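> Quick one, structure for this:
(2 chains)
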Amino acid sequence: GAVVSQHPSWVICKSGTSVKIECRSLDFQATTMFWYRQFPKQSLMLMATSNEGSKATYEQGVEKDKFLINHASLTLSTLTVTSAHPEDSSFYICSACTDRGFIRNTIYFGEGSWLTVV
Amino acid sequence: AQSVTQLGSHVSVSEGALVLLRCNYSSSVPPYLFWYVQYPNQGLQLLLKYTSAATLVKGINGFEAEFKKSETSFHLTKPSAHMRDAAEYFCAVSDADSWGKLQFGSGTQVVVTP
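Residues are numbered from 1 along each chain as shown, chains lettered A, B, ... in the order given. Next up is the predicted model:
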């Protein structure tokens, strides 16, 4: 079964509204989670690194005020797309791993969340 | 920064034929390399990973990949393709300083014909 769960799997929202996507680690404590975005027929692009108890680290070109990331506990990170617009429509997927110092730890991916902004 | 290049955005193979997907990395030090598969409208499934142990890595579903430092490559192979292998395949790279943070290649769509 899935060890990283994302919710919702699908969401449709109106332009200008905000939508929150949750990423939960089910069987382990994830000190670090990562958020990726995948446009149709394209690869996954890293958006940000989410660290429990601290501010997220955003990749170049990703607007931190638009894509709010909160990692309030060791099992939950949330991505909020604020004032969503149609160009934000995409597949958002998170991943999680435990101690980053131990390279053999598995990186688990969530099932992904489809966002459609109309 | 670490990066990977996947040669060929589409590969068509006959059922039972060899599957070969190419991935080259750019790094001055051996990175950690991964192959993932993505089925339509689904998340990612790890096929295999290289973490500086054996250079020939065996994964799930009959796939394997060989790390070749001299060629900076990590090509994915499967001796005999099945219809269920039709999917998108991504090569990805990470390094020890930022383990878990993956840079993905552009992906290769595999089509399997009867």
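> For chain B, give me the ranges with low pLDDT.
Within chain B, the segments meeting pLDDT under 70 span B:1, B:28.
> Show me the helices in it, by range?
Using DSSP state H, no helices are found in chain B.
> Which residues of it lie near chain A?
Chain B has residues B:32, B:34, B:36, B:41-46, B:51, B:90, B:94, B:96, B:98-107 near chain A, with proximity defined as CB under 8 Å from any CB of the partner chain. All C-beta spots, glycine's among them, are computed from the backbone N, C-alpha and C.
> Show me what from chain A comes close to chain B.
So far as CB under 8 Å from any CB goes, chain A lies against chain B at A:6, A:32, A:34, A:36, A:42-46, A:49, A:93, A:95-97, A:100-107, A:109-112, A:114.
> Take those and keep only those in strands.
Among the residues of chain A next to chain B, the members found in strands (DSSP state E) are A:6, A:32, A:34, A:36, A:44-46, A:49, A:93, A:95-97, A:109, A:114.
> would you turn those residues into a markdown table with pLDDT and distance to residue B:27?
Listed next are these as a markdown table, based on pLDDT from 0 to 100; distance: CB to CB, whole Å:
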| residue | pLDDT | distance to residue B:27 |
| --- | --- | --- |
| A:6 | 95 | 30 |
| A:32 | 87 | 21 |
| A:34 | 95 | 19 |
| A:36 | 97 | 21 |
| A:44 | 93 | 19 |
| A:45 | 95 | 19 |
| A:46 | 95 | 17 |
| A:49 | 93 | 20 |
| A:93 | 96 | 24 |
| A:95 | 94 | 21 |
| A:96 | 91 | 24 |
| A:97 | 82 | 20 |
| A:109 | 91 | 23 |
| A:114 | 95 | 33 |
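> these two touch, right, residue B:95 and residue B:25?
No - if you go by CB atoms under 8 Å, residue B:95 and residue B:25 don't touch, sitting 10.5 Å apart.
> Return every residue with contacts to both of the two.
Contact criterion CB atoms under 8 Å, 6 or more residues apart in numbering or on different chains; residues shared by residue B:95 and residue B:25: B:2, B:31.
> Settle it for me: which of those two has more neighbours?
residue B:25 (24 against 16; other CB atoms under 10 Å in any protein chain shown).
> Near the closest residue to that one other than its chain neighbours, how many other residues are there?
Sequence neighbours aside, residue B:4 is the residue nearest to residue B:25 in space, at 5.0 Å (criterion: CB to CB, 6 or more residues apart in numbering or on different chains). Using other CB under 10 Å, residue B:4 has 25 other residues around it.
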